[in-house]
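[1] take a look and give me a structure for this.
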Amino acid sequence: MMQNISCFIVEDDPQALAYATSILKSYKSIDVIGSANTIEAAADSIKKQNPDFIVLDVFLLDGNAFEFLKLFESIDFKIIFTTSFAKFAIDAFKFSAIDYLLKPYQEKELMTAIDKVINDITKTNHQSQLNTLLHNVSNNEPSKKIVLKNTEAIHVVDIKDILYAKSDNNYTSFVLENDKSILVSKPLKSFDEKLKSHHFFRVHQSYLINLNFISSFNKRSEEVVLCNTYHIPVSQSRKKSLLNYIDELV
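    Down below sits the predicted model:
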């Protein structure tokens, strides 16, 4: 017989706590082993009780979820993040490939997150993804990191090291400064949204480039050259915007 999965809730809103608890208790395979409304009390209890996963509100009475996570040497439990603030750290969550629930969330949204946790409970912990999240919300860190996941590994990459990304149907291939290539099973469109505010530009339906690496623009072939090596086609609809950017560099 399979052992039940244990859960701890970190939440300072009594109504939200009661709501999450009622949903979790509808699962016969889950034991809710406790709750806390401060990061200090939660960290103490979780270290003692060692739950399989936690439901963690981003903002708490005595701090936030990121300060809470730094109280642990290693994270060996799964996390479902919840937050009331639509804009807070949303990019950080996207870049780290970690899901979050925006309050007020629907019952089915929490249930989907719980089902995902149950399916992933025996898999390797997501320490590298959490490290990326913590790195990206820290104001002291100048460079952003992104998690690129595929069937072989979870790659944590500095955004500044990405030369370009190429679309391959529903896959995206990332080429890094060290000539390393990482294939991810997500369409280029999803990365375009994440990276355009970090000096990336969609020069073609199939290509997203890091503008920092432009060496030249070949007018005859209508290609942009990165690092004097990589020739990337530029579509007619994007050419004017790209040339305007290059003109501003002068």
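[2] just name the shakiest helix or strand of the chain by mean pLDDT.
    helix 90-95 (a mean of 62; mean pLDDT, DSSP states H and E).
[3] helix or strand right after that one?
    strand 100-102 (DSSP states H and E).
[4] how close does the residue of the chain most remote from its centre sit to residue 241?
    Centroid-distance maximum for the chain: residue 220 at 39.6 Å, with Cα atoms, centre = their mean. In this view, residue 220 and residue 241 are 20 Å apart by Cβ to Cβ, to the nearest Å. (Each C-beta comes from the backbone N, C-alpha and C, glycine too.)
[5] report the contact partners of the residue farthest from the centre of the chain.
    Residues near residue 220 by Cβ atoms under 8 Å, 6 or more residues apart in numbering: none.
[6] what's the answer for the one 4 residues further on, then?
    The neighbourhood of residue 224, defined by Cβ under 8 Å, 6+ apart, consists of 203, 209, 214, 216-218, 231-232, 234, 242.
[7] run the last query once more with 6 Å
    Residue 224 makes contacts with 203, 217, 232, 234, as judged by Cβ atoms under 6 Å, 6 or more residues apart in numbering.
[8] closest to residue 249 among the residues you listed?
    For those, the closest approach to residue 249 (Cβ to Cβ) belongs to residue 217, at 11.0 Å.
[9] quick check: which element contains the closest one?
    strand 214-218.
[10] what mean pLDDT does that strand get?
    The average pLDDT within strand 214-218 is 89.
[11] give me the contact list for it.
    With Cβ under 6 Å, 6+ apart as the test, strand 214-218 has contacts from 224-225, 228.
[12] at 8 Å what do you get?
    Against strand 214-218 from outside (Cβ under 8 Å, 6+ apart): 223-228, 231, 234, 242-243, 246, 249.
[13] now stretch 196-211
    By Cβ under 8 Å, 6+ apart, stretch 196-211 touches 91, 144, 159-160, 162-167, 188, 191-192, 195, 212, 224, 226, 232-235, 238, 241-242, 245.
[14] work out the gap between that stretch and the centre of the chain.
    Chain-centre distance of stretch 196-211: 19 Å, with Cα atoms, centre = their mean, to the nearest Å.
[15] give me the buried positions along it.
    Within stretch 196-211, the residues scored as buried using 16 or more other Cβ atoms under 10 Å are 198, 200-204, 206-211.
[16] ditto for stretch 214-226
    Within stretch 214-226, the residues scored as buried using 16+ other Cβ under 10 Å are 214, 217, 223-226.
[17] reformat those as JSON lines; add distance to residue 50.
    Compiled in JSON lines, the buried residues of stretch 214-226 are given as follows (distance: Cβ to Cβ, whole Å):
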{"residue": "214", "distance to residue 50": "51"}
{"residue": "217", "distance to residue 50": "57"}
{"residue": "223", "distance to residue 50": "56"}
{"residue": "224", "distance to residue 50": "52"}
{"residue": "225", "distance to residue 50": "54"}
{"residue": "226", "distance to residue 50": "48"}
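[18] for residue 154, state which of the contacts of residue 224 is nearest.
    residue 232 (27.2 Å).
[19] how is the chain carved up into domains?
    Per the record, the chain has its domains at 5-137, 157-249, by automatic domain parsing.
[20] lowest average pLDDT across those domains?
    Minimum mean pLDDT among the domains of the chain: domain 5-137, a mean of 84.
[21] got the angle for the helix or strand containing residue 246 vs strand 214-218?
    Assigned by DSSP H and E, residue 246 belongs to helix 236-249. Going by axes from the mean of the first three to the mean of the last three Cα atoms, to 10 degrees, helix 236-249 is angled at 130 degrees with respect to strand 214-218.
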